[in-house]
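Visitor: How does the following fold in three dimensions:
(one chain, ligands or ions: 1)
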Amino acid sequence: MGLRATRLSLHGFRGYAQEEFTFDSDLVLLVGPNAVGKTNLLEAVQLLTALTSFRHPLIGQLISHGSAQARVELDVAADGRQLNLALSLRPGKRSYLLNGKPKTPRDLRGLVPAVCFEPGDLDFAKGSSGVRRRALDDLGCQLSSTYFKVKGDYDRLVQHKGRLLREEADERLIASVDDVLVEAGAHLSFYRARLFEALSVYAAENYRRLSSGEQKLTCSYRMSWDRLDERTGSAPAAVDDLRQRFADALIRFRTAERARKRCLVGPHADELTLDLDGQPVSAFASQGQQRSVVLAWKVAEVRKVEDSLGMQPLLLLDDVMSELDDRRREALLDFTTQGMQIFVTSTHKGYFTSRFLDRAQVIQLPRSQAVTR
Ligand SMILES: Nc1ncnc2c1ncn2[C@@H]1O[C@H](COP(=O)(O)OP(=O)(O)OP(=O)(O)O)[C@@H](O)[C@H]1O
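Guide: Okay, here's the model as predicted:
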């Protein structure tokens, strides 16, 4: 199924007082100098589609300085249907509309999916497990309302438990939180590990192609309780199994958690590792290899969205061309022939081939300059 964003309007959003863009191509290149608003524009598209932004902003940060509210709207053609997605932002409150009718994020989840690739994503390869957990959760929340709910429940509970541990609350009170934490935590680890496994298969294949089979990418997920007990993690068979293992671990680590005053076990501490030929990517891979790993992972995300939702996501590429060498840039631009709509931002047109530029709608920012093709 093809998704095409055709119009974006921005009112009081970030640096945009009032602006409207129309898109007439499946390849949209936004070019302009630093700080002109390229990323802000992609962020608006991401908020209306993925219902999140890679910047994870507070609502107040999205509203233009000096404005009381912001509104962004995106028209999308989806298999003959016209969708108008709107997001209104006021301090502390965000509300969505679909074709003029109020909707919850739950209603909109997965309606118009998007995958974003931005320079900060390089941390996916070189950063800690926390970066990879967050990336997985962002995608999982887009793919499934259940994932989103379980993640929200777990985050709230683990924060609450953390507060109780810091306040040295009564042991029975903490144990009562553990009783509910087990349910949300077992589900979150289960969903996340399954998503990771599916993406790992695609990413390994993508990496093999990108590196011409020179190295093998392997990805592994270790539940926190296996990691802390120094056991070798194995793929979870079922939620029941995880529930039991999590409950046992919470009892085993009760004294340690009270002593350290923080939550030690649970999905927030699961470890997600990436290895090239058995060596951790974060510590041993070259910068180029790390970039290829991230590229392989992003391509895997696109494929997973297609598998799960039966449609190609919008692909948002924010300033990644400058981060990639010619070969990897070419590999990424291969995507542009696969029919999905792609938004690319860049400070320079020079990163793109004439073949690419001929096909693309080039929007020059700031808008005082002419819009060209
Ligand atoms: N809430 C806000 N109100 C007003 N301006 C804002 C707000 N949030 C961000 N900005 C401004 O938006 C600008 C940054 O825009 P953006 O990140 O889209 O730039 P960019 O074109 O992607 O730049 P670069 O090429 O450097 O990545 C900054 O000048 C910043 O001050």
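
Visitor: helix/strand/coil for residue 116?
Guide: Classification of residue 116 using DSSP: H, G, I helix; E, B strand; the rest coil returns strand.

Visitor: Find the helix or strand that residue 242 is a member of.
Guide: Per DSSP states H and E, residue 242 falls inside helix 239-252.

Visitor: List the buried residues of that helix.
Guide: Within helix 239-252, the residues scored as buried using 16 or more other CB atoms under 10 Å are 242-243, 245-247, 249-250. Where you see a C-beta, it was placed from the backbone N, CA and C, and this is true even at glycine.

Visitor: Let me see the mean pLDDT of that helix.
Guide: For helix 239-252, mean pLDDT is 92.

Visitor: ditto for stretch 175-186
Guide: Taken as a whole, stretch 175-186 carries a mean pLDDT of 96.

Visitor: check contacts around residue 321.
Guide: 329, 332, 344, 346, 351-352 (CB atoms under 8 Å, 6 or more residues apart in numbering).

Visitor: Let's have the buried residues of helix 239-252 in a markdown table, adding distance to the ligand.
Guide: Converted to a markdown table, the buried residues of helix 239-252 look like this (distance: CB to the nearest ligand atom, whole Å):
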| residue | distance to the ligand |
| --- | --- |
| 242 | 40 |
| 243 | 43 |
| 245 | 43 |
| 246 | 40 |
| 247 | 45 |
| 249 | 42 |
| 250 | 42 |
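
Visitor: Out of the residues you listed, which is nearest to residue 80?
Guide: Checking the buried residues of helix 239-252 against residue 80 by CB to CB gives residue 242 as the nearest, at 42.3 Å.

Visitor: Mind checking what secondary structure the residue lying closest to that closest one once chain neighbours are set aside has?
Guide: Leaving aside its chain neighbours, residue 242 sits nearest to residue 186 (4.1 Å; criterion: CB to CB, 6 or more residues apart in numbering). Following three-state DSSP, residue 186 is assigned to helix.

Visitor: What distance do you get for the residue nearest the centre of the chain to residue 52?
Guide: Nearest to the mean C-alpha position of the chain, by CA atoms, centre = their mean, lies residue 138 at 4.1 Å. Note on residue 138: its distance to residue 52, by CB to CB, to the nearest Å, is 6 Å.

Visitor: How far away from the center of its chain is the helix holding residue 242?
Guide: How far helix 239-252 lies from its chain's middle: 28 Å, per CA atoms, centre = their mean, to the nearest Å.

Visitor: For the helix or strand containing residue 42, which residues meet the burial criterion?
Guide: Taking DSSP H and E as the definition, one finds residue 42 inside helix 38-49. For helix 38-49, the neighbour count (16+ other CB under 10 Å) marks 38-49 as buried.

Visitor: contact partners of that helix?
Guide: 5, 8, 10, 13-16, 21, 30-32, 52-55, 57, 62, 72-74, 76, 85-87, 112-114, 116, 118, 313-314, 316, 318-319, 343, 345-346, 365.

Visitor: Tell me which stretches of the chain form helices.
Guide: Taking DSSP state H as the test, the helices found in the chain are 38-49, 59-62, 105-108, 123-126, 129-143, 145-166, 171-210, 224-228, 239-252, 254-260, 281-284, 287-309, 326-333, 354-359.

Visitor: hey, which of those helices is tucked in deepest?
Guide: Stretch with highest mean neighbour count among those: helix 38-49 (a mean of 24; mean count of other CB atoms under 10 Å).

Visitor: What angle do helix 129-143 and it make with each other?
Guide: Calculated by axes from the mean of the first three to the mean of the last three CA atoms, to 10 degrees, helix 38-49 forms an angle of 50 degrees with helix 129-143.

Visitor: chain center to helix 38-49: distance?
Guide: Distance, centroid of helix 38-49 to centroid of chain: 13 Å (CA atoms, centre = their mean).

Visitor: what mean pLDDT does it have?
Guide: What helix 38-49 shows for mean pLDDT is 96.

Visitor: How about that helix and the ligand, any contact?
Guide: Yes - judged by CB under 6 Å from any ligand atom, helix 38-49 and the ligand are in contact via 38-40.

Visitor: If we ignore the residues flanking it in sequence, what's nearest residue 345?
Guide: Nearest residue to residue 345 in three dimensions, chain neighbours excluded: residue 38, at 3.8 Å (CB to CB, 6+ apart).

Visitor: Low-confidence ranges, the chain, go.
Guide: 1, 227-237, 335-337, 368-373 (pLDDT under 70).

Visitor: returning to what we had before: between all of the contacts of residue 321, which two are separated the most?
Guide: Pairwise distances among these were taken by CB to CB; the largest, 12.1 Å, belongs to 332 and 346.

Visitor: I'd say the residue nearest to the centre of the chain and residue 51 touch.
Guide: No - Residue 138 lies out of contact with residue 51 (CB atoms under 8 Å); the separation is 9.8 Å.

Visitor: Show me which residues of the chain are close to the ligand?
Guide: When proximity is defined as CB under 6 Å from any ligand atom, the chain approaches the ligand at 14-15, 32, 34-40, 61, 63-65, 319, 347.

Visitor: Show me which of these are buried.
Guide: Among the residues of the chain next to the ligand, those scoring as buried are 14, 32, 36-40, 63-64, 319 (criterion: 16+ other CB under 10 Å).

Visitor: quick one: the nearest residue to residue 137 once chain neighbours are set aside and residue 21, what's the gap?
Guide: Leaving aside its chain neighbours, residue 137 sits nearest to residue 151 (5.5 Å; criterion: CB to CB, 6+ apart). Separation of residue 151 from residue 21 (CB to CB): 32 Å.

Visitor: swap in residue 226?
Guide: 49 Å.
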